[in-house]
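In: Need coordinates for the following:
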Amino acid sequence: IGVIDRLGAEDRITLVSFADDVIVHADAVTADENGKRQALHALDRLVTRGCTDLCAGWLAGCRSVAGAMDLLPFDNPEAGPTQNRVIVLSDGHANRGVVHPRELGRHASELRRRGLYSSTVGIGDGYSPVQLDAIAEHGGGRAHDAPLGEDIVAVVLGELGEIFETAAED
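Out: I've put the predicted structure just below:
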């Protein structure tokens, strides 16, 4: 909620949950007032389910960002800088789908080559740092640790701040 509240109308947000299945709760929603309400409503409906198909959930988020990238006016000099990034939050070990760090890293490298970057946030004590590190390292992002629930907002907002600074520098 804290992250969604701080997004601007020029931002987009996608919410994807992943377990044995993948659910896209909000797909590249513009973060205007209506979009924020939609994203907050989707966030309220999240529930814990099954195992962890980290790769499928992450790639669903990547597809959403890639679709939004296709809508960007790259030839418009008036358009501000953008960063196309997926931030994966996970409190578990990937135990469904693609689980090997090397394979996750290959996917992340290819997405990075195409201009889509990935960062990760491990939540609590029970997540797999090896898998999340592979995504962040090869995806051009950073791997973060959020030991407590209240740390999540600070970590994600810090990541977004770094993204905005990098876009301004570029």
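
In: which of the residues in stretch 45-63 are buried?
Out: Residues of stretch 45-63 classed as buried by neighbour count (16 or more other C-beta atoms under 10 Å): 52-63. Every residue, glycine included, has its C-beta placed from N, CA and C.

In: Also stretch 133-147?
Out: Under 16+ other C-beta under 10 Å, the buried positions of stretch 133-147 are 133-144, 146.

In: Just give the nearest non-adjacent residue to Glu103, would you?
Out: Cys55 (7.9 Å; C-beta to C-beta, 6 or more residues apart in numbering).

In: residues in contact with Met69?
Out: Going by C-beta atoms under 8 Å, 6 or more residues apart in numbering, Met69 touches 84, 115-116.

In: please redo it, this time with the cut-off set to 6 Å
Out: By C-beta atoms under 6 Å, 6 or more residues apart in numbering, the contact list for Met69 reads Asn84.

In: State the helix or strand in which it lies.
Out: If you go by DSSP states H and E, Met69 is part of helix 54-70.

In: Might one say that Gln38 is in contact with Asp27?
Out: No - using C-beta atoms under 6 Å, Gln38 is not in contact with Asp27; the gap is 10.0 Å.

In: how far away is the spatially closest residue to Thr30 that is not a sequence neighbour from Pro101?
Out: Spatially, and ignoring its direct neighbours in sequence, Thr30 is nearest to Arg12 (5.8 Å; C-beta to C-beta, 6+ apart). Distance of Arg12 to Pro101, given as C-beta to C-beta, to the nearest Å: 29 Å.

In: all helices of this structure, in order?
Out: Assigned by DSSP state H, the chain shows helices spanning 2-6, 33-44, 54-70, 101-113, 129-138, 151-169.

In: returning to what we had before: Arg49 versus the residue nearest to Thr30, what's the distance?
Out: Taking C-beta to C-beta, one finds Arg12 at 25 Å from Arg49.

In: and what of Gly161?
Out: Going from Gly161 to Arg49 by C-beta to C-beta gives 31 Å.

In: same deal with Arg102?
Out: Taken as C-beta to C-beta, the span from Arg102 to Arg49 is 27 Å.
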